[in-house]
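Participant: based on what follows, work out the 3D shape:
(chains A and B)
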Amino acid sequence: MKEMKILSPTAILGYGFPESSFEAGMAENPDVIAVDAGSTDPGPYYLGSGKCFVDRAGTKRDLTFIIKAAAQKNIPVIIGTAGGSGAKEHLQRDIDIIKEIAKENNLSFKMAIIPSDIDNESVLNALKRNRLAALSPAPMPSEEEISASSNIVAQMGPEPILKALDEGAQVIITGRAYDPVVFAALAIKQGFDSGLALHLGKILECAAIAATPGSGSDCMLGILREDHFELKTLNTERKCTTTSVAAHTLYEKSDPTKLPGPGGILDLSETTFEQNTESTVIVRGTKFVPTDYYVKLEGARKLGTRTVSFAATTDPIMIKELDNIIESIREKLKSNFADLKKEDYFLDFKLYGANGASLFKTAEKSIPEEIAIIIDVVAKTKELSQALCSFARSTMLHFGYAGRISTAGNLAFPFSPSDFDGGDVYEFSIYALLKADPLEYFPVEVIQI
Amino acid sequence: MKLTDIAKVIRSKNAGPYEITFDIIFNDKQAFDNFTNAGILTKQSFANLYNIKEEDVLGIIPFAPANALKITIVRPIASGQIGERDVYGAQQHKPLMELTFEN
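Facilitator: Presented below is the predicted three-dimensional model:
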């Protein structure tokens, strides 16, 4: 029977994996090693700033195992969404790591590099020519948001990777890619069912997270056959069960039965999950339903610079008065910096112990024993955010609230200095679909390493 | 009855930067069937539970292969936007966890 084995070493390149699991995976003689390196989960900062959210040393450690093992077996390695967000700086960091590994280990191979950046002007043109579609509930980006974006990437489908494979690349590294395609590309090239290949990729992109107990830093093997695929753990401590695999299908998805991607939708409405051995699961019935070809765009822009101050209060009278105190500090800040407009700064008090982590205004607060307070200031410049944070902190420290008995100071600071530089602050500025040809924005460059 | 009596997983997570999705995985098929057939979670009741607008509840979707119910809502702010409280959206499950209903 025709089959293909795909090894996924870890959920995100750099998160690590046990050497024994990786060796067990290589002993299965996989046809390809594929790994996803990215996510939008850590927020807009990483895309916008060009910084990588996974540490360089961890990434190099994982890639060293992967590149050496693949070279030994002469199988391809495919890495998606390099450097975490897949923009040019992220891609370059991981290219540099691969070159270092090749040099240190005397390895030589053909490497394909597939960037995914789109310049602001092209996106503006697409907006004007009605080639952008909103990705509700995200808003359609405005001209201003597009122009101000510091990085914009498009999520590639499998086609640019197929081209790189056709050109004989042994290592393929991409900018932003739709997560499943790095796992599915070789299978699609060899004529396997693309619905099954992409669904398998959807699961393998999180590696052992789909097992029980789950882990983001352990390997998983996918075995694709003509009318089904099988998932196999590579660590005896873990099992794939129908529940663990089906539950993973829900993870981070709006709707588990319809998963849209470049050029089509994965339809899971007739998918079945069947326990095969005690630790392997067989999946059947997923279909790929082609649609018009769109790629997802992601962009981020800089809003300003953050300064934060950490403090806490234990005073029950102050805790009861906190909402009023905060309102008064906002007013005092406004009158003290009378030239500032509302849009020049953002001031937030995060009250831990009193619903501080909740995004929703739910449940009546009981009076907590103590509350941690984070004063969060974002302003256009670092100097302004420091000045406003300092003012809010000192005003809160000595504020004479109603019923005050403790008159020496209202806040306990765990640190000196009390205020911290929070760095540049970005927001997602583009999250929309772009009508495109599959290869239009993803040039494939093949180099000899 | 408490939801935690009949569900082994109750969780929240971003589904992209503009949505939060909640998963309830029931202990078994019977618990899943009983709960979904009783119509306990509707767009309106979920909106009340989280103090959000009903139209911001995008879908309540049963997924039988996992004995699971998924609720997806509009994120109050995009992930990482100023004012953020939970970048990954992974700690918004408590009101759902504390849901009680008549058996």
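
Participant: tell me which residues of stretch A:284-302 come out buried.
Facilitator: Neighbour-count burial for stretch A:284-302, counted by 16 or more other C-beta atoms under 10 Å in any protein chain shown, picks out A:285-288, A:293-302. Backbone N, C-alpha and C define where each C-beta goes, glycine included.

Participant: again, but for stretch A:80-98
Facilitator: When burial is assessed from 16+ other C-beta under 10 Å, stretch A:80-98 yields the following buried residues: A:80-91, A:93-95, A:97-98.

Participant: averaged pLDDT, it. What do you get?
Facilitator: The average pLDDT within stretch A:80-98 is 97.

Participant: for stretch A:31-44, same thing?
Facilitator: For stretch A:31-44, mean pLDDT is 93.

Participant: got it, and stretch A:278-286?
Facilitator: Regarding stretch A:278-286, the rounded mean pLDDT is 95.

Participant: what's it in contact with?
Facilitator: Identification of contacts with stretch A:278-286 by C-beta atoms under 8 Å, 6 or more residues apart in numbering or on different chains yields A:195-196, A:198-200, A:203, A:227-233, A:238-242, A:244-245, A:266-268, A:270-276.

Participant: show me which of these neighbour chain B.
Facilitator: When contact is defined as C-beta under 8 Å from any C-beta of the partner chain, the contacts of stretch A:278-286 meet chain B at A:242, A:271-273.

Participant: identify the farthest-apart pair in the residues you listed.
Facilitator: For these, the farthest-apart pair by C-beta to C-beta is A:T242 and A:T271; their separation is 11.2 Å.

Participant: narrow the contacts of stretch A:278-286 to those in helices?
Facilitator: Of these, the ones assigned to helices by DSSP state H are A:195-196, A:198-200, A:203, A:242, A:244-245.

Participant: circling back: please check the contacts of stretch A:278-286 and keep the buried ones.
Facilitator: For these, a neighbour count by 16+ other C-beta under 10 Å gives the buried set as A:195-196, A:198-200, A:203, A:228-233, A:238-242, A:244-245, A:266-268, A:271, A:273.

Participant: in the one helix or strand B:K8 maps to, what counts as buried?
Facilitator: If you go by DSSP states H and E, B:K8 is part of strand B:7-14. For strand B:7-14, the neighbour count (16+ other C-beta under 10 Å) marks B:7, B:9-14 as buried.

Participant: between the residues you listed, which is nearest chain A?
Facilitator: Closest approach between the buried residues of strand B:7-14 and chain A, by C-beta to the nearest C-beta: B:K13, at 5.3 Å.

Participant: do I have it right that the closest one meets A:Y251?
Facilitator: Yes: using C-beta atoms under 8 Å, B:K13 makes contact with A:Y251 at a distance of 6.9 Å.

Participant: any residues in contact with both of the two?
Facilitator: Counting by C-beta under 8 Å, 6+ apart, the contacts common to B:K13 and A:Y251 are B:D23.

Participant: that older thread, just put the ones in helices among the contacts of stretch A:278-286 in TSV and tack on pLDDT.
Facilitator: TSV is the format used below for the ones in helices among the contacts of stretch A:278-286 (pLDDT from 0 to 100):
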residue	pLDDT
A:G195	97
A:L196	97
A:L198	97
A:H199	96
A:L200	97
A:I203	95
A:T242	91
A:S244	90
A:V245	92
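
Participant: which SSE is residue 35 in?
Facilitator: In the absence of a named chain, chain A is used. A:V35 is part of strand A:32-36, with elements assigned from DSSP H and E.

Participant: please go with chain B instead
Facilitator: According to DSSP H and E, B:F35 maps onto helix B:29-37.

Participant: and that helix, what's buried?
Facilitator: Neighbour-count burial for helix B:29-37 flags B:31-32, B:35-36 (criterion: 16+ other C-beta under 10 Å).

Participant: tell me the phi and psi of A:F360?
Facilitator: phi -120, psi 150 (degrees, to the nearest 10).

Participant: residues in contact with it?
Facilitator: Contacts for A:F360 (C-beta under 8 Å, 6+ apart) come out as B:50-52, B:76, B:92, B:95.

Participant: quick one: which of those is most hemmed in?
Facilitator: Most neighbours among those, by other C-beta atoms under 10 Å in any protein chain shown: B:Q92, with 25 neighbours.

Participant: tell me the contacts of that residue?
Facilitator: A:358-360, B:12, B:20, B:22, B:86.

Participant: most neighbours of all the residues you listed, which one?
Facilitator: Highest neighbour count within those: B:I20, with 27 neighbours (other C-beta under 10 Å).

Participant: so how far is stretch A:69-85 from its chain's centroid?
Facilitator: How far stretch A:69-85 lies from its chain's middle: 19 Å, per C-alpha atoms, centre = their mean, to the nearest Å.

Participant: brain fart, stretch A:227-236
Facilitator: Between the centre of stretch A:227-236 and the centre of its chain there are 25 Å (C-alpha atoms, centre = their mean).

Participant: what's the answer for stretch A:110-121, then?
Facilitator: For stretch A:110-121, the distance to the chain centre is 18 Å (C-alpha atoms, centre = their mean).

Participant: same thing with stretch B:9-22?
Facilitator: Taking C-alpha atoms, centre = their mean, one finds the center of stretch B:9-22 at 8 Å from the center of the full chain.

Participant: before we move on, what about stretch A:91-108?
Facilitator: 24 Å.

Participant: need the contact partners of that stretch.
Facilitator: With C-beta under 8 Å, 6+ apart, stretch A:91-108 has contacts from A:13, A:37, A:52, A:56, A:59-60, A:63-64, A:67-68, A:71, A:79, A:82-83, A:109, A:111, A:113, A:115, A:171, A:173-175, A:448-449.

Participant: between the two ends of stretch A:230-246, how far is it?
Facilitator: Stretch A:230-246 has an end-to-end distance of 13 Å (criterion: C-alpha to C-alpha, to the nearest Å).
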